[in-house]
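Participant: build me a model:
(2 chains)
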Protein chains: 2
Amino acid sequence: MTEESLLQSWNEGPAKQSIVEFVRAVTTDGGPQFVKPEERIAVFDNDGTLWSEQPLYFQLEFVVDRLKALSPQHPEWKDKQPFKAALEGDFNTVAAGGQQAILELAAATHAGMTTDEFAQIVLDWLASARHPKFKRPYTDLVFLPMQELLSYLRANGFKTYIVSGGGVEFMRTFAEEVYGVPPEQVIGSSIKTKFEISAGMPVLTRLPELNFYDDRGGKPVGINTYIGRRPIAAFGNSDGDLEMLQWTTAGTGARLALLVRHTDSVREYAYDRGILGTLDKALDEARAKGWTVVDMRQDWKRIYPFET
Amino acid sequence: MTEESLLQSWNEGPAKQSIVEFVRAVTTDGGPQFVKPEERIAVFDNDGTLWSEQPLYFQLEFVVDRLKALSPQHPEWKDKQPFKAALEGDFNTVAAGGQQAILELAAATHAGMTTDEFAQIVLDWLASARHPKFKRPYTDLVFLPMQELLSYLRANGFKTYIVSGGGVEFMRTFAEEVYGVPPEQVIGSSIKTKFEISAGMPVLTRLPELNFYDDRGGKPVGINTYIGRRPIAAFGNSDGDLEMLQWTTAGTGARLALLVRHTDSVREYAYDRGILGTLDKALDEARAKGWTVVDMRQDWKRIYPFET
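Facilitator: Numbers count the residues shown, from 1 in each chain, chains lettered A, B, ... in the order given. The predicted model follows:
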């Protein structure tokens, strides 16, 4: 089984060819590069790889909207960083505060409720929020060729995982519907939770404390913690994915490492060596090692499912 | 499909009956308690639930053997607690040192090598170590009726997970072969790991620092972190499993909570309200809530696969 017809939004070219050749190699029973189905693990970054990440990571848009919704109960935020800057949409100032600033914002918007309550807050936001450029729900901004790639890999016996710097409980609210990736195959950053009995019912309460940061070297750590096997295929778009691609390709046998490059300023965005979603060192290493680089403008017939 | 014939080592009685009735209820398509296959999550404690845990948790036997192997390079351990006590097999003294003592022993025996190196150390130990009472490899000391139960649940569309206080990378070395549970479905305690490039190769180095303690309230936390869904069936044997059973049974619809009670001093061990593998509060709650309690002596025709 190869099911290449599933890749209908991919133009013919070296990127599509490298994907198809890899899948044929590892699924050809009796072939020299055959991989047993249980070892066919594929890992995908989310922001910038499976959906857009401009003008701001979508989870940061969620943070801003939550801060606005909660600000009437926090008048002090008007004069206190990083809240002031975030409320004003000034993420250069937030970024200057480093990881501490991000954690303070996460604590104010992601903690202090049960896991069930948080999931409902995210679902409500996804239903009402709109992307500033495309005026559509954020979950419309997924890359159709990558959805096809997920389906194509699964049709060939792969288990597809998300391995993202984004929050695991944020992503799980939509990953199954949008990507066909069930909650147990979503790996992401997390804050700590605590088991408690509240009004006679067991709940998990979200605490304002970082548990795991799933970016850069954290990605192989997360893969090992959650999956316990080395993937044979890895897909990313930025320097935050470099270690995941290094870890994946360091195994023996056929390996596929792929970077999505944002080159289409008309249909999506064009950027690489900028601030957000920086693709710099990973692009150099991709060239040196012959990893696959997708040029969105050239390689993808359609970018979003809603394009006609 | 029900495949009750898989449960051939179970005597007829209320324990087997509650299992079979639960599985029939959640797999009867169109029935009032039907559960979609993707929601059929079953979680199993390991020590004392899937294999024996006496006279000492098997991973503690591994610790002792590792300490002995490493002691020539650590002459100071002869006079230093908790090493002195552990080398003498005196775990009452170790236990008196609390979690700190356990962490010191774990750091000395489980950290300072790569993940691949650690897995090989465990595999070598499993191949050579023998249980003091049964004079067999520890992986022979698994409960045949529980292996059958795992197979029976999987034959009915369940995804079976291990959720144990034991080390995740310790258990993953044998869980697939012995229980049919793949690495990505093993949840356990862990120490931190760090991604590094060593001699040009990416490795994960194991650090002497606790990452996650998967016992008591940690079990629902681990389930939520790894799986992101609430199980519908949970299996344990001690107070360390109580919160997992509470979390599982707090969901709506049909639920199965089961405790294995060690009542067979001849074929295995008889204990409950003792020190190791204490079954006390959980037994009271099982009785109050009507959870299933397995009496090993009465309910199991055979305990170990090697019995004739």
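Participant: residue boundaries of the helices in chain A?
Facilitator: Along chain A, counting by DSSP state H, helices occupy A:14-27, A:58-70, A:83-87, A:91-96, A:98-110, A:115-128, A:144-155, A:168-171, A:175-179, A:218-226, A:242-249, A:281-289, A:296-299.
Participant: redo the ones you listed as a markdown table? Include distance to chain B, mean neighbour count and mean pLDDT.
Facilitator: Glycine gets a C-beta too; all of them are placed from N, C-alpha and C. Formatted as a markdown table, these follow (distance: least, C-beta to the nearest C-beta, whole Å; neighbours: other C-beta atoms under 10 Å in any protein chain shown; pLDDT from 0 to 100):
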| stretch | distance to chain B | mean neighbour count | mean pLDDT |
| --- | --- | --- | --- |
| helix A:14-27 | 18 | 19 | 98 |
| helix A:58-70 | 17 | 18 | 96 |
| helix A:83-87 | 27 | 19 | 95 |
| helix A:91-96 | 24 | 15 | 89 |
| helix A:98-110 | 14 | 17 | 91 |
| helix A:115-128 | 6 | 15 | 98 |
| helix A:144-155 | 14 | 20 | 98 |
| helix A:168-171 | 7 | 25 | 98 |
| helix A:175-179 | 8 | 19 | 98 |
| helix A:218-226 | 5 | 25 | 98 |
| helix A:242-249 | 5 | 25 | 98 |
| helix A:281-289 | 12 | 15 | 96 |
| helix A:296-299 | 28 | 18 | 98 |
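Participant: I'd say A:Asn211 and A:Gly188 touch.
Facilitator: No: using C-beta atoms under 8 Å, A:Asn211 makes no contact with A:Gly188, being 10.5 Å away.
Participant: ok, those two, which is more surrounded?
Facilitator: Taking neighbours as other C-beta atoms under 10 Å in any protein chain shown, A:Asn211 and A:Gly188 compare with A:Gly188 leading, 24 against 17.
Participant: check contacts around the residue nearest to that one when sequence neighbours are not counted.
Facilitator: Distances taken as C-beta to C-beta, 6 or more residues apart in numbering or on different chains put A:Val168 closest to A:Gly188, at 3.4 Å, once the chain neighbours are dropped. For A:Val168, the contacting residues are A:Val186, A:Ile187, A:Gly188, A:Ser189, A:Ser190, A:Asp214, B:Thr225, B:Gly228, by C-beta atoms under 8 Å, 6 or more residues apart in numbering or on different chains.
Participant: mind putting those residues in TSV, distance to A:Gln99 included?
Facilitator: Formatted as TSV, the contacts of A:Val168 follow (distance: C-beta to C-beta, whole Å):
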residue	distance to A:Gln99
A:Val186	22
A:Ile187	20
A:Gly188	16
A:Ser189	11
A:Ser190	15
A:Asp214	13
B:Thr225	21
B:Gly228	25
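Participant: which ones among those residues lie within strands?
Facilitator: Counting by DSSP state E, the part of the contacts of A:Val168 found in strands is A:Val186, A:Ile187, A:Gly188, A:Ser189, A:Ser190.
Participant: of those, closest to A:Ala288?
Facilitator: Closest approach between the ones in strands among the contacts of A:Val168 and A:Ala288, by C-beta to C-beta: A:Ile187, at 27.2 Å.
Participant: surely that closest one touches A:Gly166?
Facilitator: No: the criterion here is C-beta under 8 Å, and A:Ile187 misses it with A:Gly166 at 10.1 Å.
Participant: near A:Glu39, how many other residues are there?
Facilitator: By other C-beta under 10 Å, neighbour count at A:Glu39 equals 17.
Participant: on the pLDDT front, check it for me.
Facilitator: On the pLDDT scale, A:Glu39 is placed at 97.
Participant: and if you look at A:Trp291?
Facilitator: On the pLDDT scale, A:Trp291 is placed at 98.
Participant: surely it meets A:Arg255?
Facilitator: No: using C-beta under 8 Å, A:Trp291 makes no contact with A:Arg255, being 9.3 Å away.
Participant: quick one: common contacting residues for these two?
Facilitator: By C-beta under 8 Å, 6+ apart, the residues touching both A:Trp291 and A:Arg255 are A:Thr249.
Participant: can you redo the ones in strands among the contacts of A:Val168 as TSV with pLDDT?
Facilitator: TSV is the format used below for the ones in strands among the contacts of A:Val168 (pLDDT from 0 to 100):
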residue	pLDDT
A:Val186	98
A:Ile187	98
A:Gly188	98
A:Ser189	96
A:Ser190	97
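Participant: could you export these as a markdown table, including distance to B:Phe118?
Facilitator: Below are the ones in strands among the contacts of A:Val168 laid out as a markdown table (distance: C-beta to C-beta, whole Å):
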| residue | distance to B:Phe118 |
| --- | --- |
| A:Val186 | 26 |
| A:Ile187 | 21 |
| A:Gly188 | 25 |
| A:Ser189 | 25 |
| A:Ser190 | 24 |
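Participant: out of the residues you listed, which are buried?
Facilitator: A:Val186, A:Ile187, A:Gly188, A:Ser189, A:Ser190 (16 or more other C-beta atoms under 10 Å in any protein chain shown).
Participant: quick one: residues contacting A:Tyr152.
Facilitator: Per C-beta under 8 Å, 6+ apart, neighbours of A:Tyr152: A:Glu3, A:Glu4, A:Leu6, A:Leu7, A:Ile19, A:Val23.
Participant: contact partners for the fourth one?
Facilitator: In this case it means A:Leu7. A:Lys16, A:Ile19, A:Val20, A:Pro145, A:Glu148, A:Leu149, A:Tyr152 are the contacts of A:Leu7 under C-beta under 8 Å, 6+ apart.
Participant: tell me how far it lies from A:Gln33.
Facilitator: According to C-beta to C-beta, to the nearest Å, A:Leu7 and A:Gln33 sit 20 Å apart.
Participant: cool, the third one as well?
Facilitator: From A:Leu6 over to A:Gln33 the distance is 21 Å, taken as C-beta to C-beta.
Participant: and those two? Which one has more around it.
Facilitator: A:Leu6 (18 against 14).
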